[in-house]
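Q: Sequence and predicted structure are below.
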Amino acid sequence: MLSVRKKLVVGNWKMNGGQSQNAALIDGVRGSVPEGVDVVVCPPYPYLAQVKTLVAGAGVGLGAQDLSPRKGGAFTGDVAASMLLDVGCEWVLVGHSERRTLHGEDNRLVAEKVAAALDAGLTPILCVGETLDERDGGRAEAVVSAQVAAVVDVLGLVAMAKVVVAYEPVWAIGTGRTATPEQAEVMHACIREGLRVAGVAADGVRILYGGSVTAANAASLFAMPDIDGALVGGASLVADGFSSICAAAAAS
Ligand code: PEP
């Protein structure tokens, strides 16, 4: 059965890049973005405007890696959703595990950021995922369900249906250790079922997998019925690898 959800592949450049590397990377991706897949890149803040120009006509959307929950004012170092929109973003990552761990972002703050993104007209990509300790302790589904539920509580059911969810087991991010397609599918199905039970129109919600996705493992992940694409870190920094992941999404 064909999925009703269009596949989405998002490149999270993290704190990598520079004006010449960015130009070379987008140049390498241009021309190989397949039909029928949404492709997005999320560069660091200083390069958003540059990359907006670079992706023109390439079939690649622009996203940011974080945002403030506030609208503006005396918040040094923060960036408001309206500013992201102003420089051409349509997407924004929220609650990436590196934000949760290194910057102490909790479920409540993450939910407020998701709400701020939606209010401004951006599509938030809500990142959730358990640590290795939590998985080994049998708490993976409870942890991830609580992360999603915290956002549903703040947003309500209708707004939640507009959010993209990215399941990223913390133990798989940047480690080269990918969840097996079966492990990922179990969690994706659990997230979708949790949304459905809460009353969200869950069949339309795209749930991406993230965690050491590469050209070699993408196709087997995309073959799973509840995996609607990927959030890609390291492999999004190499044009050929990223293009191959996009091609695998198109072929699935
Ligand atoms: C990420 O940063 O969201 C990520 C999944 O990284 P990597 O693909 O490098 O594991």
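A: Perfect, thanks for sending it.

Q: Going C-terminal from the helix or strand of the chain with the lowest mean pLDDT, what's the next secondary structure element?
A: When each helix and strand of the chain is scored by mean pLDDT, DSSP states H and E, helix 132-136 comes last, with a mean of 93. Under the assignment DSSP states H and E, the closest C-terminal helix or strand after helix 132-136 is helix 140-155.

Q: any weak-confidence spans in the protein?
A: Across the chain, the stretches falling below the confidence threshold (pLDDT under 70) are 1-3.

Q: For the ligand, give me its nearest residue in it.
A: Shortest the chain-to-the ligand distance, computed as C-beta to the nearest ligand atom: residue-wise this is Gly233, at 2.1 Å. For the C-beta atoms, the positions are set from N, CA and C on the backbone; glycine is no exception.

Q: Just want the phi and psi numbers for the closest residue to that residue other than its chain neighbours.
A: Spatial nearest neighbour of Gly233, excluding adjacent residues (C-beta to C-beta, 6 or more residues apart in numbering): Asn12 at 5.1 Å. Note on Asn12: backbone dihedrals following degrees, to the nearest 10 are phi -100, psi 110.

Q: Asn12 - how many residues pack around it?
A: Burial measure for Asn12: 26 neighbouring residues, criterion other C-beta atoms under 10 Å.

Q: what does the stretch 1-150 of the chain put close to the ligand?
A: Proximity of the stretch 1-150 of the chain to the ligand is assessed by C-beta under 6 Å from any ligand atom, with 12, 14 identified as the residues in range.

Q: which stretches of the protein form helices?
A: According to DSSP state H, the chain carries its helices in the segments 19-29, 48-54, 81-86, 97-102, 107-120, 132-136, 140-155, 157-160, 181-198, 218-222, 239-251.
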